[in-house]
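Asker: Compute the structure for the input listed below.
(one chain, ligands or ions: 1)
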Amino acid sequence: MNGLAMTSTATAAALAIGTVTNDDTPSQQALWREIQRLRALLAHQEHALLASRLREEASRHSAFHDTLTGLPNRQAFDQRSTDALSTHQHAADGFALMYIDLDGFKAVNDRHGHAVGDELLKVISARLSHAMRSGDAVSRQGGDEFLCLLCHVTMQAHADAIAQKLQAVVSAPCLVGDQQVQVRASIGIAFYPQDASDMPGLLRVADAAMYRAKKYQLGHAFSDLQ
Ligand SMILES: Nc1nc2c(ncn2[C@@H]2O[C@H](COP(=O)(O)OP(=O)(O)OP(=O)(O)O)[C@@H](O)[C@H]2O)c(=O)[nH]1
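Answerer: Residues are numbered from 1 along each chain as shown. This is a model prediction of the structure:
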């Protein structure tokens, strides 16, 4: 039994004896003081336990979330994509991986300053997050790069529609202070299982497609084998 449980038990036992008033005998008054001491100890230990749980929760959150945007980070995405692979393998189902890289972000930093760039990243992250269906996942991989995992999306026409929606949410103008800033997105798309059967393979395909989309200003692109 830990210290908190022992204190709780002792307090419960003392309280079960009954109410003690100041008119009672010295031994009853001593018992009353002991109850008060145990109550204070219990409150202190409960407070310490709660504080330690909150600290644990905060450190777990920061290990899996990007500090600037609050989005799940690369580690969280690795875990999420491993789960998705195993679920979709068992269900003989597919998903799409979208690699999003902003276009023109460096110019925002250069023209308006890093703080404005930070705010823009936060706004875009919130918009992407809001655009996801439940069960889908978005993460910030670092810099101006994001990944989205879209469950049950296996057809180009479906992925086209989602990519266009994501491009629209990214490129909507954003007011930071009194500055209006705007960027675009290039998106590379890979399908599981058609393009690759593991995450490194899917990432390679989506990354190459994203570079093609950026180079030829396509907005979004698929594997060149499709
Ligand atoms: N404000 C801000 N800038 C960042 C952060 N992380 C990376 N950057 C900057 O983001 C920029 C990314 O550079 P690029 O990928 O060349 O940006 P881009 O102008 O969109 O160019 P392309 O990707 O080639 O289209 C660099 O200038 C980085 O310094 C961040 O957390 N906050």
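
Asker: Tell me the pLDDT of Asn22.
Answerer: Note on Asn22: pLDDT of 61.

Asker: what do you get for Asp78?
Answerer: 93.

Asker: before we move on, what about the one 4 residues further on?
Answerer: Thr82 is assigned a pLDDT of 91 by the prediction.

Asker: For the residue nearest to the spatial centre of the chain, what are phi and psi?
Answerer: Of all residues in the chain, the one closest to the mean position by C-alpha atoms, centre = their mean is Pro72, 2.9 Å from it. Main-chain torsions, Pro72, degrees, to the nearest 10: phi -50, psi 140.

Asker: If you drop the residues flanking it in sequence, what lies closest to it?
Answerer: If the residues on either side of it in the chain are set aside, Pro72 comes closest to Ser139, at 4.3 Å by C-beta to C-beta, 6 or more residues apart in numbering. Just so you know, the C-beta spots here come from the backbone N, C-alpha and C atoms, and that holds for glycine as well.

Asker: show me the contacts for that neighbour.
Answerer: With contact taken as C-beta atoms under 8 Å, 6 or more residues apart in numbering, Ser139 is in contact with 66, 71-74, 76-77, 80, 146-147.

Asker: Swap in 10 Å and give it another go.
Answerer: 64-66, 69, 71-78, 80-81, 125, 128-129, 145-149 (C-beta atoms under 10 Å, 6 or more residues apart in numbering).

Asker: give me the element the residue of the chain found nearest the ligand is part of.
Answerer: Across the chain, the shortest distance to the ligand (C-beta to the nearest ligand atom) belongs to Gly117, at 2.7 Å. When elements are defined using DSSP states H and E, Gly117 is found to belong to helix 114-131.

Asker: quick one: that helix to chain centroid distance?
Answerer: From the chain centre to the centre of helix 114-131 is a distance of 14 Å (C-alpha atoms, centre = their mean, to the nearest Å).

Asker: What of stretch 214-224?
Answerer: Using C-alpha atoms, centre = their mean, the distance between the centre of stretch 214-224 and that of its chain works out at 27 Å.

Asker: repeat for stretch 173-192
Answerer: Using C-alpha atoms, centre = their mean, the distance between the centre of stretch 173-192 and that of its chain works out at 19 Å.

Asker: tell me which residues in that stretch are buried?
Answerer: 174, 176, 181, 183, 185-192 (16 or more other C-beta atoms under 10 Å).

Asker: What segments of this structure are helices?
Answerer: Using DSSP state H, the helices found in the chain span residues 3-17, 26-64, 74-91, 105-112, 114-131, 156-171, 199-215.

Asker: angle of the longest one against helix 74-91?
Answerer: Right, the one you point to is helix 26-64. Taking axes from the mean of the first three to the mean of the last three C-alpha atoms, to 10 degrees, one finds helix 26-64 and helix 74-91 inclined to each other by 80 degrees.
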